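> Would you be able to build a 3D model of this:
(chains A and B)
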Amino acid sequence: MADIGAVVTAEHVSPWVDAWRKFRRHKLAVASSIALLTIIVAVIVGPWLWPVSINDIDFTARLQPPSRAHPFGTDDLGQDLLARMIYGGRISLAVGLAAMLVAIIVGVIIGAIAGISRGSVDTALMWVTDLFLSLPQLPLLLLIIYLFRDALKDVFGVEMGVFILIVVVIGGLRWMPVARLVRAQFLSLREKEFVEAAQALGASKTRQVVRHILPNAMGPVIVAATIDVAAAIIAESTLSFLGLGFPPDIPTWGRLLFDAKDFLDYAPHWALFPGAAIFITVLAINFIGDGLRDTFDPRRVL
Amino acid sequence: MGTYLVRRLLIALPSLLGISVVLFTVLALAPGDPFEEMATNPNIPPEVRLALREKFGIDDPVYLRYFRWLTAMMQGDWGFSFASRVNVDTLILQRLPATIFVIGSSQILALAIALPVGIYAATRPYSVFDQIANTFAFIGFSLPTFFTGLLFILVFSIWLDWLPFVYRSDITATGWRWYWEQIRQAIMPVMVLGLFQAASYTRYVRSAVLDVIRLDFVTTARAKGLGEKTVVVRHVVRNALIPVVTLVALQMPTVFGGAIVTEQIFRIPGIGSLLISAILSNDTPVIMAVTFVFACLVVTFNLIADVLYGWLDPRIAFR
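Have a look, this model is predicted:
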């Protein structure tokens, strides 16, 4: 009979260790995490390892294929593509992360309010969510950027103004799935016994939400956040590719593709490297999201 | 079914109104003034400028301007393009067929790939075929349309020289030759859009079929002695399509986004490339109208999804 006690005091595993154990089983997700980390580190420390200026013009080295002096080749002004891609990668990744944060914060707040309040507030917020879901996103994105670009440039300067505008607009058009997700989680969680217990102990509505319901609703939100980073990177690249994102002196990956597309026949490397960078980053993030989905799926037992 | 349709229409109208409010708010909040240019133009005296402002009601309160804009839009008066000196509605009507053709064929291609692959993968979960399909699906929706477009041009137009990379609306050939040229130039844009959508649709179809295939009525159908083919096609797929229809309808805004990019890459004279050129030439009436047309298309596709929903699951129409 003494054995029973031994079984009960089994090894205590913190939720994070448990999550890591589950995540580790998704081989592609682990490989993708390594790939993504490599890209992030390369983009952050790159300028020290490859101290070439992004806008040194050298007309003797125009449109050169990859070589020892220029590992990724040069563009039509003889600028070094590796240096430009490192610089642009910082912006592309920063836009992805910042836009994801905007989308998640807005989505969680709206979803939480809708999920915890019953009746007309919930109905109204969900109507707004559905309305935003049926907005044509890219045309609207283009419209807003066209209308507000100059005003923000005057206030925050060229680089910061465009950055803020793009982040806010991409994030502001991507919060709806998160809001729906959080609301659905709240609707089931708020009826659970542990919330009732907290209420019986006198916890205020805010405390119930922040301390008890929200942490339990975070799993799917983390997955959505990961996928959102990929979607935001694609959105930013699309804008830049259409020539309506960052200006030419800020070479994000999408902007590099935009500049390269008229030289496809002479200098395919110019388009292939930034395109591959976007593809690998997005693919890695999507695989990580898939791995996290398996990790946070409560139906899945290790 | 009739009352169901009317009800869905009554839901679609307020969302169109809501979209128009969002669009107009964006426009009203934007800094800048359409008559700014005149203020600096010495040939236009200030009295004329003020009279014009009066006439167009620029200084009226926002809600008055909104209602005037809305009634004008509903009466078909969409304004006049600054850049090309044509009425906006004629301009859009000229461009719309190319867009609808490319989007329509790419959706058909996407479903023609996604349905069989997704269903087959779901009937054999975790098999080699399923894993290969899943990997390709991941690659497919991680490849942005602007990059696949450039890759296709590089491979099929520049290296292999099989297909033209500029879409022409002035093909001189006649008869069968004309159709052949049309198809040839549409192959790449349709493939780019279609393959991208096929990747995400495959995943939707697979997970929807997997959800249904475990249900009891499927076991019952098998127990009755029905062939596997009948079970899958008549019992599983019809039920699995219900969530797929919703997800496909939700994808529509993304599809139109992809269409804008593809039209820009292959220079298709559709409303997407019209939007880009209008933005580059500050042609506000065209920009507003095209954005609104895209919104209408999204709402229309949602409506079609609702109708399909009622057909696939008659219980919904009676609720």
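> can you pull the contacts of residue 166?
Answering for chain A, as no chain was given. A:Val95, A:Ala99, A:Ile145, A:Glu236, A:Leu239, A:Gly245, A:Phe246 (C-beta atoms under 8 Å, 6 or more residues apart in numbering or on different chains). Placement of C-beta: from N, CA and C, glycine included.
> Wait, chain B was what I had in mind.
Contacts of B:Val166 by C-beta under 8 Å, 6+ apart are B:Gln185, B:Phe266, B:Arg267.
> quick one, phi psi at it?
The phi and psi values for B:Val166, taken as degrees, to the nearest 10, are phi -110, psi 130.
> Give me the distance between it and chain A.
Taking C-beta to the nearest C-beta, to the nearest Å as the measure, B:Val166 falls 12 Å from chain A.
> For B:Val233, see how far away the most centrally placed residue in chain A is.
A centroid search over chain A (C-alpha atoms, centre = their mean) returns A:Val229, at 1.2 Å, as the residue closest to the centre. Separation of A:Val229 from B:Val233 (C-beta to C-beta, to the nearest Å) stands at 39 Å.
> still on that earlier bit, so which of the contacts of A:Ile166 is the closest to A:Met160?
A:Met160 lies nearest to A:Phe246 out of these, by C-beta to C-beta, at 11.3 Å.
> Now do that closest one, the pLDDT please.
Listed pLDDT for A:Phe246 reads 80.
> do B:Glu36 as well
57.
> Which other helices and strands does the strand or helix carrying A:Ile34 contact?
Counting by DSSP states H and E, the element that carries A:Ile34 is helix A:27-49. Packing partners of helix A:27-49 (3 or more C-beta pairs under 8 Å, 6 or more residues apart in numbering or on different chains; DSSP states H and E): helix A:15-24, helix A:81-116, helix A:268-296.
> Chain B is nearest to which of those?
helix A:268-296 (3.8 Å; C-beta to the nearest C-beta).
> What average pLDDT does the closest one get?
86.
> again, but for stretch A:103-123
pLDDT averaged over stretch A:103-123 gives 88.
> ok, now stretch B:216-223?
88.
> Off-centre distance for that stretch?
Taking the mean of its C-alpha atoms, stretch B:216-223 sits 38 Å from the chain's own mean (C-alpha atoms, centre = their mean, to the nearest Å).
> list the contacts for the closest residue to B:Ser81 other than its chain neighbours?
Closest residue to B:Ser81 apart from its sequence neighbours, by C-beta to C-beta, 6 or more residues apart in numbering or on different chains: B:Val286 at 5.0 Å. By C-beta under 8 Å, 6+ apart, the contact list for B:Val286 reads B:Ser81, B:Phe82, B:Ala83, B:Val88, B:Leu91, B:Ile92, B:Leu274, B:Leu275, B:Ala278.
> PyMOL command for the buried members of these?
With 16 or more other C-beta atoms under 10 Å in any protein chain shown as the criterion, this PyMOL line picks the buried residues out of the contacts of B:Val286:
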select buried, chain B and resi 81+88+91+92+274+275+278
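> and which of the contacts of B:Val286 is nearest A:Ala179?
Proximity of the contacts of B:Val286 to A:Ala179 was ranked by C-beta to C-beta; the top entry is B:Leu275 with 27.8 Å.
> give the contact list for A:Arg207.
A:Ala198.
> any idea which helix or strand comes after the helix or strand hosting it?
If you go by DSSP H and E, A:Arg207 is part of helix A:205-207. Tracing the chain past helix A:205-207, the next element assigned as helix or strand by DSSP H and E is helix A:214-241.
> Averaged pLDDT, the helix or strand containing A:Asp259. What do you get?
Assigned by DSSP H and E, A:Asp259 falls within helix A:253-260. The pLDDT scores in helix A:253-260 average 85.
> by contact count, what packs against it?
Using 3+ C-beta pairs under 8 Å, 6+ apart, helix A:253-260 is in contact with helix A:81-116, helix A:214-241, helix A:268-296, helix B:145-152.
> quick one, which of the ones you listed is nearest to B:Ala122?
helix A:268-296 (16.8 Å).
> Report the helix or strand with the lowest average pLDDT across the chain.
Picked chain A for this. Taking mean pLDDT, DSSP states H and E as the measure, helix A:2-8 is the helix or strand of chain A with the lowest mean score, a mean of 52.
> ah, no, chain B please
helix B:36-40 (a mean of 57).
> quick revisit: roughly how far apart are the residue nearest to the centre of chain A and A:Ala99?
8 Å.
> One more: B:Leu163?
36 Å.
> B:Lys224 now?
53 Å.
> which one of these two has more residues nearby?
Higher neighbour count among B:Lys224 and A:Ala99: A:Ala99, with 26 against 9, using other C-beta atoms under 10 Å in any protein chain shown.
> Burial check on A:Leu81, number of neighbours?
A:Leu81 has 26 nearby residues by other C-beta under 10 Å.
> That one contacts A:Leu272, doesn't it?
No. Look at A:Leu81 against A:Leu272 with C-beta atoms under 8 Å: they stay out of range, at 10.3 Å.
> where do the helices sit along the stretch 151-300 of chain B?
B:176-213, B:216-223, B:228-230, B:238-250, B:252-266, B:271-280, B:284-312 (DSSP state H, counting those that start in this stretch).
> Just want the angle from the last one to helix B:252-266.
For the pair helix B:284-312 and helix B:252-266, the angle between their directions (axes from the mean of the first three to the mean of the last three C-alpha atoms, to 10 degrees) equals 130 degrees.
> What mean pLDDT does helix B:284-312 get?
Mean predicted lDDT for helix B:284-312 stands at 82.
> what about that helix, distance to the chain center?
8 Å.
> coming back round to it: how much does the helix holding A:Asp259 deviate in direction from helix A:268-296?
Going by the same axes, to 10 degrees, helix A:253-260 makes 160 degrees with helix A:268-296.
> In PDB, could you pull the C-alpha coordinates for helix A:253-260?
Extracted in PDB, the C-alpha atoms of helix A:253-260 (Å, rounded to 0.1, in the frame of the first residue of the first chain):
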ATOM      1  CA  TRP A 253      13.000  42.100 -48.800                       C
ATOM      2  CA  GLY A 254       9.800  43.000 -50.600                       C
ATOM      3  CA  ARG A 255      11.300  46.300 -51.900                       C
ATOM      4  CA  LEU A 256      14.300  44.400 -53.200                       C
ATOM      5  CA  LEU A 257      12.000  42.100 -55.200                       C
ATOM      6  CA  PHE A 258      10.100  45.200 -56.500                       C
ATOM      7  CA  ASP A 259      13.400  46.700 -57.700                       C
ATOM      8  CA  ALA A 260      14.600  43.400 -59.100                       C
END
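> what residues does the stretch 1-150 of chain A put near chain B?
A:127, A:130-131, A:133-140, A:142-144, A:146-148, A:150 (C-beta under 8 Å from any C-beta of the partner chain).
> The most centrally placed residue in chain B: what's it in contact with?
In chain B, the centroid-proximal residue (C-alpha atoms, centre = their mean) is B:Phe256; its distance is 3.1 Å. Counting by C-beta under 8 Å, 6+ apart, B:Phe256 makes contact with A:Pro136, A:Leu138, A:Pro139, B:Ile103, B:Gly272, B:Phe294, B:Leu297, B:Val298.
> that's a helix at the second one, yeah?
Yes. The assignment for A:Leu138 is a helix, going by DSSP: H, G, I helix; E, B strand; the rest coil.
> Could you tell me how many residues sit around the closest residue to it other than its chain neighbours?
Leaving aside its sequence neighbours, A:Leu138 sits nearest to B:Gly257 (C-beta to C-beta, 6+ apart; 3.4 Å). By the other C-beta under 10 Å criterion, the neighbourhood of B:Gly257 contains 23 residues.
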